[in-house]
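A.B. asks: just need the structure, nothing else, for what follows:
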Amino acid sequence: MEERRRTRMRAQHRHEKRWTQLWVTSVIRLNVQFMRVEFNYGQANFDSHGFDDVLVLSFPNEFVHPSSMPDELTSETFELREYTVLFVDRQRRTVTVDFLLHEAGIATQWARQAAPGQFLWCIPPRMCKSFAEAARTYIFSDPSALPAVRRFHEEAGDTPGQTVLVGLTTSLEPPVFTGPREVSVFERPLHATQLIAATDIAQSCSMESAFIWISGEAQWVGRMRRVLVKDFGVGKENIQFTGYWRAD
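C.D. replies: Sure thing, here's the model as predicted:
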């Protein structure tokens, strides 16, 4: 019997909504498209068990005193954005987040000027996922989900499977992952069947114990899932999919 690995989603741990203050401890420009920010979360509780757990960050449109909480403000003074939890260091009580830099936007504007000592309010992950075992894992992602893919590769070890990245144009630096997993990179989103053909899904005999994760632009994610289910016979329970953004 094929050995199973710790990757397939099994359970979700729900937590109450609570605002936590995060203080910037370091800022690193990774490359042209990503800024990495480490925050200290003080004495608050901060759990994250799954590679795609997300926190909610509150970005103020105007100066907000540290004693003011987002619930006390109006929608005109702050905006909320979701970000993948890249890493939690429980000894140092820090959480690391990678910011994908766009041409404009309140989150990009904040990340470009972020410096140690600044703060943001956040809601820690309210639904932390834990994963059971799967024979193989397959990841399909565009640049918006790269932080989650990066965390998966850090935690997956030698988990069998393949990763397919799309939409990495020549202006974007291809990510470097550790571990033996095969990674295929495409500049533009090809048809779903072409992307699936870059993996061994069609030849796999153990799809009932496989885990497939698809994240990125919402319409592309939906098409990928439909093709996997209708044309390749993959069970819906074997697929987890998330639309990170929607094209106009």
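A.B. asks: what about the residue nearest in space to the middle of the chain, distance to residue 117?
C.D. replies: In the chain, the centroid-proximal residue (C-alpha atoms, centre = their mean) is residue 148; its distance is 2.9 Å. From residue 148 across to residue 117, the span is 28 Å (C-beta to C-beta, to the nearest Å). In this view, the C-beta of every residue, glycine as well, is placed from N, C-alpha and C.
A.B. asks: what's the answer for residue 96, then?
C.D. replies: Distance from residue 96 to residue 117, counting by C-beta to C-beta: 17 Å.
A.B. asks: compare those two (neighbour count), which wins?
C.D. replies: A direct count of neighbours by other C-beta atoms under 10 Å for residue 96 and residue 117 places residue 96 higher, at 19 against 8.
A.B. asks: can you pull the contacts of the more buried one?
C.D. replies: By C-beta atoms under 8 Å, 6 or more residues apart in numbering, the contact set of residue 96 is 36, 37, 38, 39, 85, 86, 87, 88, 89.
A.B. asks: since we're on the fifth one, how many residues are nearby?
C.D. replies: Neighbouring residues of residue 85 were enumerated by other C-beta under 10 Å; the total is 24.
A.B. asks: so what's it closest to, chain neighbours aside?
C.D. replies: Nearest residue to residue 85, sequence neighbours excluded (C-beta to C-beta, 6 or more residues apart in numbering): residue 48, at 4.3 Å.
A.B. asks: which SSE is the one you found in?
C.D. replies: For residue 48, there is no helix or strand it lies in under DSSP states H and E.
A.B. asks: beta partners of residue 55?
C.D. replies: Counting by DSSP bridges, residue 55 forms beta bridges with residue 83.
A.B. asks: enumerate every residue touching it.
C.D. replies: Taking C-beta under 8 Å, 6+ apart as the test, what residue 55 contacts is 82, 83, 85, 95, 97, 122, 123, 124, 125.
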